[in-house]
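Asker: Need coordinates for the below:
(chains A and B)
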Amino acid sequence: MQEHSDKVPDWKSQRQKIIGLGESSVRKNYYPELQERLIELENVNQALKERTEDLESLNAELLAEVQERRSMEEALRESEERFRAVFENANDAIYLYDFSPDMFPVPFLNVNRKAYEILGYTYDEMLCLTPWDILSEECWNKYREQVREVYKTGHAMYEVLHITRTGVKIPMEVSSHLFTFRGSRLLLSIARDISERKKSEQKLRDAINQIDENMGTLAALNDKIRNPLTVIDILTEDIETGIRDQVQTQVTAIDKIIDELDKGWVESEKVRNYLKRHHGLYES
Amino acid sequence: MTDIRHELRKFVAPEFIIGDDARLLAGRYAKNYSVSHVMIVTDEQMLKAGWIHSILECLTAEGIRYTIFSDVLPNPRDFEVMKGAEIYQKAGCDALVAIGGGSPIDCAKGIGIVASNHSHILDFEGVDNIPAPSPPLICIPTTAGSAADVSQFAIINDSRKKAKITIISKKIVPDISLIDPIPLTTLPQSLTAHTGMDAIVHSIEAYVSNASSPVTDIHALESIRIMSRYLPLAYQNPENLHYRYQTLLGCLLAGLAFSNASLGIVHAMAHSLGGKYDLPHGECNALLLESAIEFNYQACPDRYLNIGKALGIDYCTSEHEQCRFELIQALRNLRNSVGIVERFSQIGVSSESIPELAIHAIHDPCLATNPREPDIRDIEQIYARAL
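Answerer: Residues are numbered from 1 along each chain as shown, chains lettered A, B, ... in the order given. Coordinates of the predicted model:
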């Protein structure tokens, strides 16, 4: 309570205030504040709405991205499965491996089923071996040269002998490629067992040798028969004509047989040359 | 005619509903204000009266919780207001329902002021000293007198100084008054008399106020007509609903008049007396009225003449002195008819206290609108005559 002074209050101004013409006589002045709050709320609501819309479109984008990634993954998986199927079911042995910069061998990074089955190992055993471990000792030099070639040109094709777990040597025709994978230079070698081919080649070579031998024998036989026949011809010049004619007739018949033999020799030579030409055996 | 100036005037009236069972709309109005937990400000007598339960039920029916605060005495004290405000805050109330006479309603207004402005109730003394509006206030008056349920006034007792402070602000005009004659049927005779005379003094002071307006005049004069006729009838027949209704109507009109035109010297002096002696406010007004009119009469004799006519005086003369005498006589008869026959000296007021009472009275804002400006001596003389 205000202290009452002896001074009488200013009744005129008090009276004006009591009558009050709205100077400060708002009964409930919450309306402006209410309006303000309503506008604030409206703004907040609008912001929320916009934010919701943003979030919704962002969500849609994310969903689309997820969908895209999913189908990409799906495609990748399919591609990988396809690759794996080709890799696993290939009829050739496939090795993936690396060399340290000084050509020091490191174990295979991956091999396919054919690779370890041919050599009699399991997959896990195979991944503990290096290329040198499956190579017959007499091929080491050749192999080293070929690997250098691959590093130089990116590709090489060569034959080597692989050695199985039990020591059996298998001739293999190898095609090696160099490629870069995630910053590393890797070697991919595809090897084909050529034992059967080697055997066929040997048989053919034996056959041609036999033909050569037969032709030699044939040539010798011709000479050997013709020489006594010439002697017979000379010796029969002085004998009576009737007999001589008979002998001559026989000599002529024998000569014809020899001619036939000569023709056989020529045919043999043709066969031999054909085989050599068509099976790449000129060297032998 | 061109020389007549029309001073700007405003008339503020709250929403009110008058009629049987108006109190039962408390729940609806609380719901209208979107409140969830009201504080009911009332007094012990009200809690004993059975009909208060019907109000609690209608609140509950609307899903509104309530906290009852009934530590309110007649002439509400500052500490009662502060206690009520503390409970209001702690309980998380969001509106006030005042049920009772002027005391619970004024206390509720005080609680509302403190709840919104967070300061001591005595800091708001005077005119227009309330920065923030109060929470929604629903009033159910149970006396036909104070009209606190429609007014911009709140009177609180400064317990330390034993003086009443007057708070006037349009920010404390209630939001709805539910004016129901039924609670009045249990009002004791003395309270009917005191509050009824309070209403008549409201009308008279509003009518002679220097802030009266044509609109307040209509309400004031009609109120005097109604009250002078029905107050004695209601006093004699307390359970007659029609008489009670008429006194409520008279009180309402008086309230609308004085809330806008304000009051005068009678109230200023009654506040001072009530503060010091804790006397019934209406009784103080009734006992001060006649000597106050003797002082004021010369300032506006024509107005007092109209008051006399409204009281039913059949004047045979236009001579001021005679008219004044007849008016004072009529008012004395009226208060006598409702059993107010004593003088202040008989109810404990001593002449030694007059200077102190006068000092408080001369600072009461009600004096601002008294038709004649008194000095301390004038006020002391009026007190002395009423002893």
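Asker: tell me the phi and psi of whichever residue of the stretch 101-250 of chain A sits closest to chain B?
Answerer: With CB to the nearest CB as the measure, the residue in the stretch 101-250 of chain A that lies nearest chain B is A:Arg182; the distance is 67.9 Å. Heads up, the C-betas are built off the backbone N, CA and C, glycines and all. In this entry, A:Arg182 is assigned phi and psi values of phi 50, psi 50 (degrees, to the nearest 10).
Asker: quick one: low-confidence ranges for chain A?
Answerer: Across chain A, the stretches falling below the confidence threshold (pLDDT under 70) are A:1-6, A:22-32, A:100-103, A:279-284.
Asker: ugh, typo on my part, it should be chain B
Answerer: In chain B the weaker segments, taking pLDDT under 70 as the threshold, are B:1-3.
Asker: residue ranges of the strands in chain A, please?
Answerer: Along chain A, counting by DSSP state E, strands occupy A:93-97, A:110-111, A:155-163, A:169-181, A:184-193.
Asker: Need the nearest residue in space to the residue nearest the centre of chain B, chain neighbours excluded.
Answerer: Within chain B, one residue has its C-alpha closest to the average C-alpha position: by CA atoms, centre = their mean, that is B:Ser146, at 2.6 Å. Computed as CB to CB, 6 or more residues apart in numbering or on different chains, the closest residue to B:Ser146 that is not its neighbour in sequence is B:Gly102, at 2.8 Å.
Asker: Touching, that neighbour and B:Thr143? I think so.
Answerer: Yes - at 7.0 Å, B:Gly102 counts as touching B:Thr143 under the criterion of CB atoms under 8 Å.
Asker: what do those two both touch?
Answerer: Shared between the contact lists of B:Gly102 and B:Thr143 (criterion: CB atoms under 8 Å, 6 or more residues apart in numbering or on different chains) are residues B:Thr195.
Asker: Identify the residues contacting the nearest residue to A:Ser184 once chain neighbours are set aside.
Answerer: Closest residue in space to A:Ser184, ignoring its immediate chain neighbours: A:Asp98 at 6.3 Å, by CB to CB, 6+ apart. For A:Asp98, the contacting residues are A:Val106, A:Leu109, A:Ser184, A:Arg185, A:Leu186, A:Leu187, taking CB under 8 Å, 6+ apart as the criterion.
Asker: repeat that for 7 Å
Answerer: A:Asp98 makes contacts with A:Val106, A:Leu109, A:Ser184, A:Leu186, A:Leu187, as judged by CB atoms under 7 Å, 6 or more residues apart in numbering or on different chains.
Asker: That one and chain B, how far apart?
Answerer: 77 Å (CB to the nearest CB, to the nearest Å).
Asker: From A:Trp132, how far off is that residue?
Answerer: With the distance defined as CB to CB, to the nearest Å, A:Asp98 ends up 13 Å from A:Trp132.
Asker: Then B:Ile111?
Answerer: 101 Å.
Asker: More neighbours: which of these two?
Answerer: When B:Ile111 is set against A:Trp132 and neighbours are counted by other CB atoms under 10 Å in any protein chain shown, the residue ahead is B:Ile111, at 32 against 13.
Asker: mind checking which helix or strand that one is in?
Answerer: Assigned by DSSP states H and E, B:Ile111 belongs to helix B:102-117.
Asker: and the closest residue to B:Ser291 other than its chain neighbours, how far is that from A:Cys139?
Answerer: The spatially closest residue to B:Ser291, leaving aside those adjacent along the chain, is B:Arg385, at 3.9 Å (CB to CB, 6+ apart). Computed with CB to CB, the distance linking B:Arg385 and A:Cys139 is 146 Å.
Asker: re earlier: which secondary structure element contains the residue nearest to B:Ser291?
Answerer: Assessed by DSSP H and E, B:Arg385 sits inside helix B:376-386.
Asker: Touching that helix from outside, list them.
Answerer: Identification of contacts with helix B:376-386 by CB under 7 Å, 6+ apart yields B:269, B:287-288, B:291-292, B:295, B:344, B:351, B:354-355, B:357-358, B:361-362.
Asker: in chain A, which spans are helices?
Answerer: Ranges of helices in chain A, per DSSP state H, are A:11-19, A:30-89, A:113-119, A:123-126, A:140-153, A:195-235, A:241-278.
Asker: could you dump these to TSV with mean neighbour count?
Answerer: What follows is the helices of chain A, written out as TSV (neighbours: other CB atoms under 10 Å in any protein chain shown):
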stretch	mean neighbour count
helix A:11-19	18
helix A:30-89	10
helix A:113-119	19
helix A:123-126	14
helix A:140-153	14
helix A:195-235	12
helix A:241-278	12
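Asker: Distance to chain B added to these, as TSV?
Answerer: What follows is those, written out as TSV (distance: least, CB to the nearest CB, whole Å):
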stretch	distance to chain B
helix A:11-19	3
helix A:30-89	7
helix A:113-119	79
helix A:123-126	75
helix A:140-153	86
helix A:195-235	97
helix A:241-278	108
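Asker: Distance to B:Ser190 added to the ones you listed, as CSV?
Answerer: Converted to CSV, these look like this (distance: least, CB to CB, whole Å):
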stretch, distance to B:Ser190
helix A:11-19, 31
helix A:30-89, 41
helix A:113-119, 117
helix A:123-126, 113
helix A:140-153, 124
helix A:195-235, 136
helix A:241-278, 147
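Asker: Just give the nearest non-adjacent residue to A:Arg244, would you?
Answerer: Excluding the flanking residues, the one nearest A:Arg244 by CB to CB, 6+ apart is A:Thr236, at 5.2 Å.
Asker: ok, that neighbour touching A:Val247?
Answerer: Yes - applying CB atoms under 7 Å, one finds A:Thr236 in contact with A:Val247, separated by 4.6 Å.
Asker: hang on, B:Ser70 packs against B:Thr42?
Answerer: Yes - under the criterion of CB under 7 Å, B:Ser70 lies in contact with B:Thr42, with a separation of 5.2 Å.
Asker: Which of those two has more residues huddled nearby?
Answerer: When neighbours are counted by other CB under 10 Å, B:Ser70 and B:Thr42 differ, and B:Thr42 comes out ahead with 28 against 17.
Asker: Give me the nearest residue to the more buried one, chain neighbours excluded.
Answerer: With CB to CB, 6+ apart as the criterion, B:Thr42 has its nearest non-adjacent residue at 4.3 Å, and that residue is B:Ile99.
Asker: A helix includes the one you found, no?
Answerer: No - secondary structure assignment (DSSP: H, G, I helix; E, B strand; the rest coil) places B:Ile99 in strand, not in a helix.
Asker: ok, it - contacts?
Answerer: For B:Ile99, the residues meeting the contact criterion (CB under 7 Å, 6+ apart) are B:Ile40, B:Thr42, B:Met46, B:Ile52, B:Ile55, B:Ile140, B:Thr142.
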